[in-house]
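Visitor: only the shape, not the letters, is given here:
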């Protein structure tokens, strides 16, 4: 791939939570860092997320989760991606993710876990350095 | 006039002889509050020389209410200490309410689970992982009976943070009270019922704006007639602020929403003085102390003027803005969470000095989880210490007359007026929502704020300054994943035990009424009484009203 190709990122809000301030701020920061950003909006089911991944073919999927539903929802998303043979996309989850939940989510292939107070620069660099393709 | 000139002359002398080089030697080039209003070095009587006491300030409990909603404020009755609480099942939350009541909380405030807020049942696919996590899981009247078991609903006031399904939860509350032996006219409390700010900021909408407004006006009309002590709406700036707005935007957008509801109710043919006294407000209290105090004072004055001059209110109660405050959740840090106790104290103080009628103080651990008992107790104690130890409550509006406070109160009002003009130009609140006006303003403000934090133009202790590297652990409240299963079992049991034939008939009637212009409240109460789930009622209404779809802008 040429260097000029932009990194394409999907920013998602899975679940019923509507607190999308963080997702929107992150979406802008990634865009300002030169990435192509798609924001799904709120209320995304695992199927919605996977369908958007199939259609848009992003390099990274950033899940913003604040409501405590991450342990239930994230593994389902990962399973459905696997069923579609999608294994070269970075999938990260951030928001309110207690430390003790991280090993479980890591086991399912999730990365990131950026919490409140994280610099946007840190997340931008994380995306740049952890792409799978 | 000569006095004004005299002060100006003296000030120039002071600048030349006393201030001198200090003016060039300040910590920052300019000092700005969170609304980006430049704050001057010093305020004098000249900064408020046009302030006419009778017209701008007056006396508390009197038009234009700048100095307070009630004549003797906290000397008579303290604000209601109302801690927002809800998690897990109704049974668990009932225990938390009893804990809070034992420790001196004076009002209840229900946090509902996301599936309840969004009008889907606990076993819906969309509720995956959400049941009981952010609030108490409520499906049917049965859950509400458990939630308030052993709590006398004629004695306590209850606030319910519920919007799209507000009419349903109010109906359940009325029926629970009835089963306890109380009549609707004895009930005191609030439903949030503010859909406009859901489209603008908080995003727990279900139906499109038009039918949503109809449901709200239905509840306003119903309460004015049958539940006269109930606040039928809590017009909320809290969520607008949490979504990233400035204080000025919070003030302007919230009051603009208020004007929207007033206009819709007038259009229905209601008399302003019949419903306006039962409108209430809900504001945020963020970090900049004086900016917050002035925001509340300006809010009362703007509202009073509009109600009187534009909408023709005659009763003073219709012009009196009353509000609940919650300290800013978004200001809480996950880093060194104990520091949040201090932030909350300052935020609580500004809302009290701004004359709040009721207050929720956040718990220090809320950047990490729902609060533990220990954390929520400290939050409540914070209010009690201010109320009973500090002496701040001994006199009404103690900051009035401060040159700075009066100048900033005026300034907040002026800035809000500029927004009202813009919103009017766009055709009012709903067209402005449809044009994504508020959403864009808020997204811009929140991104700017975040950039300023990262550039260290704004300081957050232990986040971007005085950072400690040592890791601390905070005990967290965990919500058991089994709650969902328990709730689904409860729901299935109710569905087996209720009279499903009778319910079907009630839901059919509701559907017919929804197609007409009749007030839906009596139909909703009838359905709730037969143990319809909130999800079932919402589905009936979705069938008639459709659903809202948002543009996902960022």
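Guide: Ah, there it is. Given the structure is predicted, the values throughout are model-derived calculations rather than measurements. Numbering: from 1, shown residues only, chains lettered A, B, ... in the order given.
Visitor: can you tell me the average pLDDT over the longest helix belonging to chain A?
Guide: The residue-count maximum for a helix in chain A (DSSP state H) belongs to helix A:70-83. Over the span of helix A:70-83, the pLDDT mean works out to 97.
Visitor: and the next element down the chain from it?
Guide: Following helix A:70-83 in sequence order, the next helix or strand is strand A:90-95 (DSSP states H and E).
Visitor: other SSEs contacting that next one?
Guide: helix A:21-32, strand A:60-65, helix A:70-83, strand A:111-112, helix A:120-130 (3 or more C-beta pairs under 8 Å, 6 or more residues apart in numbering or on different chains; DSSP states H and E). Backbone N, C-alpha and C define where each C-beta goes, glycine included.
Visitor: report the distance from that strand to the chain centre.
Guide: In terms of C-alpha atoms, centre = their mean, to the nearest Å, the centre of strand A:90-95 is set 4 Å apart from its chain centre.
Visitor: likewise stretch A:118-128?
Guide: Taking C-alpha atoms, centre = their mean, one finds stretch A:118-128 lying 12 Å from the centre of the chain it belongs to.
Visitor: equivalent analysis for stretch B:484-497, please.
Guide: Taking C-alpha atoms, centre = their mean, the mean C-alpha location of stretch B:484-497 is offset from the chain mean by 32 Å.
Visitor: pull out the buried residues from that stretch.
Guide: By neighbour count with 16 or more other C-beta atoms under 10 Å in any protein chain shown, stretch B:484-497 contains the buried residues B:484, B:486-488, B:490-491, B:494-495.
Visitor: and for that stretch, what are the contacting residues?
Guide: With contacts defined as C-beta atoms under 8 Å, 6 or more residues apart in numbering or on different chains, stretch B:484-497 is touched by B:89, B:121-123, B:127, B:129, B:131-132, B:137, B:139-140, B:142-143, B:531, B:533.
Visitor: circling back to that earlier point, and which of the buried residues of stretch B:484-497 is nearest chain A?
Guide: Nearest to chain A out of the buried residues of stretch B:484-497 is residue B:484 (C-beta to the nearest C-beta; 8.2 Å).
Visitor: so what pLDDT did residue A:1 get?
Guide: Looking at residue A:1, its pLDDT reads 50.
Visitor: get me the contact residues on the stretch 451-554 of chain B for chain A.
Guide: B:454, B:460, B:463, B:476, B:479, B:481, B:550-554 (C-beta under 8 Å from any C-beta of the partner chain).
Visitor: which members of those occur in helices, if any?
Guide: residue B:454.
Visitor: among the residues of the stretch 451-554 of chain B next to chain A, which are in strands?
Guide: Per DSSP state E, strands hold no members of those.
Visitor: which among the residues of the stretch 451-554 of chain B next to chain A count as buried?
Guide: Among these, those scoring as buried are B:460, B:463, B:476, B:479, B:550, B:552, B:554 (criterion: 16+ other C-beta under 10 Å).
Visitor: quick one on the thing from earlier: go through the contacts of stretch B:484-497 and name the one nearest residue B:113.
Guide: residue B:137 (4.1 Å; C-beta to C-beta).
Visitor: contacts only, for the closest one.
Guide: Counting by C-beta under 8 Å, 6+ apart, residue B:137 touches B:88-90, B:112-113, B:115-116, B:122, B:131, B:143, B:483-484, B:487.
Visitor: can you tell me the closest non-neighbouring residue to the residue of the stretch 201-350 of chain B found nearest chain A?
Guide: Ranked by C-beta to the nearest C-beta, the top residue of the stretch 201-350 of chain B for proximity to chain A is residue B:203, at 2.7 Å. Ranked by C-beta to C-beta, 6 or more residues apart in numbering or on different chains and with sequence neighbours excluded, the top spatial neighbour of residue B:203 is residue A:18, at 2.7 Å.
Visitor: before we move on, the earlier item: just give me the closest of the residues of the stretch 451-554 of chain B next to chain A to residue A:62.
Guide: Nearest to residue A:62 out of these is residue B:554 (C-beta to C-beta; 12.2 Å).
Visitor: show me what contacts residue A:62?
Guide: Residue A:62 makes contacts with A:9-12, A:23, A:26, A:30, A:92-94, A:112, A:123, A:127, as judged by C-beta under 8 Å, 6+ apart.
Visitor: and the gap between the residue nearest in space to the middle of chain A and residue A:16?
Guide: Nearest to the geometric centre of chain A sits residue A:62, at 1.3 Å (C-alpha atoms, centre = their mean). Counting by C-beta to C-beta, to the nearest Å, the separation of residue A:62 from residue A:16 is 19 Å.
Visitor: equivalent analysis for residue B:53, please.
Guide: The gap separating residue B:53 from residue A:16 is 50 Å, by C-beta to C-beta.
Visitor: returning to that earlier point: report the two of the contacts of stretch B:484-497 separated the most.
Guide: Spatially, the most separated pair among the contacts of stretch B:484-497 is B:129 and B:531, at 25.9 Å (C-beta to C-beta).
Visitor: report pLDDT for the residue nearest to residue B:415 when sequence neighbours are not counted.
Guide: Closest residue to residue B:415 apart from its sequence neighbours, by C-beta to C-beta, 6+ apart: residue B:248 at 4.4 Å. Note on residue B:248: pLDDT of 98.
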